[in-house]
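> the sequence and its predicted three-dimensional model are supplied below.
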There are 2 protein chains.
Amino acid sequence: MQLSADAPTRWPQARVPPSPPHHRTAPPPAPRAADGGVPPHAIVLDALQPIGTAARVRRGRQIFAEGEPAAHWYWLASGAVQVCSFAEDGKRHVAELVLPGDLFGLEACARRGATAEAARDAVVVSYPRARAEALVDADPRLARAFREVACGRLHHAQACLLRLGRTSALARVASFLLEMGERCRRAADGAVDVPVTRDDIADYLGLTSETVSRALTELRRRGAIALPARQSIHLADRAAIASAKDAGR
Amino acid sequence: MQLSADAPTRWPQARVPPSPPHHRTAPPPAPRAADGGVPPHAIVLDALQPIGTAARVRRGRQIFAEGEPAAHWYWLASGAVQVCSFAEDGKRHVAELVLPGDLFGLEACARRGATAEAARDAVVVSYPRARAEALVDADPRLARAFREVACGRLHHAQACLLRLGRTSALARVASFLLEMGERCRRAADGAVDVPVTRDDIADYLGLTSETVSRALTELRRRGAIALPARQSIHLADRAAIASAKDAGR
DNA sequence: CGTGACTTTGATTGGCCTCAAAAGCGGTGG
DNA sequence: CCACCGCTTTTGAGGCCAATCAAAGTCACG
């Protein structure tokens, strides 16, 4: 496993983030109270918690690669991870942007369908899949929560498909900003910390980094956002961002 | 439920396609022999079979709509169905193209994330979700197969993301043809029956119908395909199609 | 045989990619 | 503290691909 290969930062299990902060992750069809109001994401996390092992992953390092046997499930404690696929000619596409608190790599098939790499230095908790699936097998309530999480993933992917297939560059960037506004922690001043480069954003949105940059400049010109620092974006006027998102292709 | 509203073609259960022909559906990470070589798709189908009810759906009619409670799971016996989402301005995107033999609408969340409508007159088998989930809860082997099916869906969606985000119109159409070549039944002469219009293909690939038409014309000009009839495409030279697919933007 | 839906083809426009270079930012070492 | 270097971001100019608008052609069906 690449995890331990990096820096064998294998924390004692007691140090694994306990019942982790389920502060976020609310895919459009909000985490329904399938279970007394506890979101499915949290149910799965709580169940997996005892078998987790944390490790540091440096920026740019792979966590798993397409085609590999899927031996673990993962939870991101800090940093950022992207799940990406590659075209024959090497062009990259980021299928999923994983933020702190998110589960990822939850394959139920034998092999990985995509590659995961750290977009920033990250701390990742891994769960041996055999043990994790045994837990899920043993508890239908947990299995159901897991299905809900997977369902949310698919909904999100379908929303991304609509975005890629049918919207302009400006609308995609606006939509991305609103997404990050909901999914990211804020700084004190309300600015959103976007933990990825323009290139990463471009690969997520099916654009080039130049086009992303131009779109951000345009939104700033309109007063919709401010760009106080490299990877910090202040969503000054959400209505303006939303209208840029909806102004069709 | 819209199904019965159409024509109450509620076949006696005996007439529900028995252990259905699992002739197809092989997402890239092929249906792994998780269970003695039986693909997960077939395990799920066999388990659901006793609680299915068939109904006809006329072309253009909805099967379910975004936002509705997800009360059923579905299997397509014949015809074609598309699962689609809509942008604010009404633009449509086809997230999933459902062909005979496929399961669809397998939501685990409370509400539908997208709309399903018949692209051709279809026969659809529906399974009450409460009963279906109870079956899945009762059998971990089945639950696992279900997870594998869901995982295949996500892989497919991610492949579509790469296609939308990073390839030219010609490459998308070529890729679509190869996909249909694997997923569709063939006519006697080997021609693929594509059960959707150019508009539908365009909405699936994030293009316009004119562009799809031009791409098909170009592939025909190259001798890669022949277009014997309206919705029939003969994949004459797969290598040529594959090279069009890979010749990147 | 007429009608309507679908498909193909053509001409034009515009948006995004490409290539190129300058500017900003963060680190390191003198 | 400042000079330097690498990396990221921004800005610019030009070209190409696909959308758009428009019209002719094809097919199924009543």
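Thanks, I have it.

> surely residue A:109 meets residue B:151?
Yes: with contacts counted by Cβ atoms under 8 Å, residue A:109 reaches residue B:151, the gap being 4.6 Å. All C-beta atoms are positioned from the backbone trio N, CA, C, and that covers glycine.

> hey, what's in contact with both of these two?
Taking Cβ atoms under 8 Å, 6 or more residues apart in numbering or on different chains as the contact rule, residue A:109 and residue B:151 touch no residue in common.

> domain ranges for chain A, per the record?
Per automatic domain parsing, the structural domains of chain A span A:40-163, A:165-247.

> so does the shortest one get close to DNA strand C?
What that stands for is domain A:165-247. Yes: in terms of Cβ under 7 Å from any atom of the strand, part of domain A:165-247 sits within range of DNA strand C, namely A:168, A:169, A:170, A:206, A:207, A:208, A:210, A:211, A:229, A:230.

> what subset of those is buried?
Buried subset of the residues of domain A:165-247 next to DNA strand C (neighbour count, 16 or more other Cβ atoms under 10 Å in any protein chain shown): A:169, A:170, A:206, A:207, A:211.

> okay, and the second one sits in which element?
If you go by DSSP states H and E, residue A:170 is part of helix A:169-183.

> quick check: buried residues in that helix?
For helix A:169-183, by 16+ other Cβ under 10 Å, it's A:169-181, A:183.

> could you do stretch A:225-233 as well?
Neighbour counts over stretch A:225-233 (16+ other Cβ under 10 Å) mark A:225, A:233 as buried.

> now do it: distance to the chain's middle.
20 Å (Cα atoms, centre = their mean, to the nearest Å).

> what lies in contact with that stretch?
Here stretch A:225-233 has contacts from A:177, A:180, A:187, A:189, A:191-197, A:216, A:219-220, A:234-237, A:241, using Cβ under 8 Å, 6+ apart.

> partners of the host helix or strand of residue A:234 in the sheet?
Using DSSP H and E, residue A:234 falls within strand A:232-235. Strand pairing for strand A:232-235, using DSSP bridges, gives strand A:192-193 (antiparallel), strand A:225-229 (antiparallel).

> mean pLDDT per helix and strand in chain A: which one sits at the bottom?
helix A:2-6 (a mean of 43; mean pLDDT, DSSP states H and E).

> tell me which parts of chain A are close to DNA strand D?
A:197-199, A:209-210, A:212-214, A:216-217, A:227, A:230-231, A:249.

> okay, the strands paired with strand A:232-235 in a markdown table with mean pLDDT next?
Output for the strands paired with strand A:232-235, formatted as a markdown table (pLDDT from 0 to 100):
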| stretch | mean pLDDT |
| --- | --- |
| strand A:192-193 | 92 |
| strand A:225-229 | 93 |
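
> of the ones you listed, give the one that comes closest to residue B:98.
Closest approach to residue B:98 among those is made by strand A:192-193 (37.6 Å; Cβ to Cβ).

> and the helix or strand that that closest one is followed by, what does it pack onto?
Counting by DSSP H and E, the next helix or strand C-terminal to strand A:192-193 is helix A:198-205. On a contact count with 3 or more Cβ pairs under 8 Å, 6 or more residues apart in numbering or on different chains; DSSP states H and E, helix A:198-205 meets strand A:72-86, strand A:92-98, helix A:169-183, helix A:209-221.

> and of these, who's closest to residue B:42?
Among the helices and strands packed on helix A:198-205, strand A:72-86 sits nearest to residue B:42 (Cβ to Cβ), with 25.3 Å.

> which strands border that closest one, and is each parallel or antiparallel?
So strand A:72-86, judged by DSSP bridges, has these partners: strand A:92-98 (antiparallel), strand A:103-104 (antiparallel), strand A:115-128 (antiparallel).

> in a helix, residue A:63, correct?
No: according to DSSP: H, G, I helix; E, B strand; the rest coil, residue A:63 belongs to no helix; its state is strand.

> circling back to that earlier point, single out the most deeply packed of the domains of chain A.
domain A:40-163 (a mean of 20; mean count of other Cβ atoms under 10 Å in any protein chain shown).

> so for it, mean pLDDT?
Per-residue pLDDT over domain A:40-163 has a mean of 95.

> the next helix or strand after the least confident helix or strand of chain A - contacts with which helices or strands?
Downstream of helix A:2-6, the next assigned helix or strand under DSSP H and E is helix A:40-48. Judged by 3+ Cβ pairs under 8 Å, 6+ apart, helix A:40-48 is in contact with strand A:72-86, strand A:103-104, helix A:129-138, helix A:140-166.

> format those as JSON lines; extra columns: distance to residue B:120.
JSON lines is the format used below for those (distance: least, Cβ to Cβ, whole Å):
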{"stretch": "strand A:72-86", "distance to residue B:120": "31"}
{"stretch": "strand A:103-104", "distance to residue B:120": "37"}
{"stretch": "helix A:129-138", "distance to residue B:120": "38"}
{"stretch": "helix A:140-166", "distance to residue B:120": "22"}
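
> and the residue most central in space within chain A, what does it touch?
Using Cα atoms, centre = their mean, the residue of chain A that lies closest to the mean C-alpha position is residue A:98, 1.9 Å off. By Cβ under 8 Å, 6+ apart, the contact set of residue A:98 is A:76, A:80, A:81, A:82, A:83, A:104, A:116.

> and what of residue A:124?
Going by Cβ under 8 Å, 6+ apart, residue A:124 touches A:3, A:54-57, A:63, A:74-77, A:79, A:81, A:118.

> from memory residue A:97 sits against residue A:197, does it?
No: at 12.0 Å, residue A:97 and residue A:197 do not qualify as touching, with contact defined as Cβ under 8 Å.

> hang on, the earlier thing: any idea which helix or strand comes after the strand holding residue A:234?
As assigned by DSSP H and E, the chain's next helix or strand after strand A:232-235 is helix A:238-246.

> can you confirm whether that following helix lies near chain B?
Yes: Helix A:238-246 reaches chain B (Cβ under 8 Å from any Cβ of the partner chain) through residue A:246.

> for that helix, packing partners?
helix A:169-183, helix A:209-221.

> tell me the angle of it relative to strand A:225-229?
Orientation of helix A:238-246 against strand A:225-229 (axes from the mean of the first three to the mean of the last three Cα atoms, to 10 degrees) gives an angle of 100 degrees.
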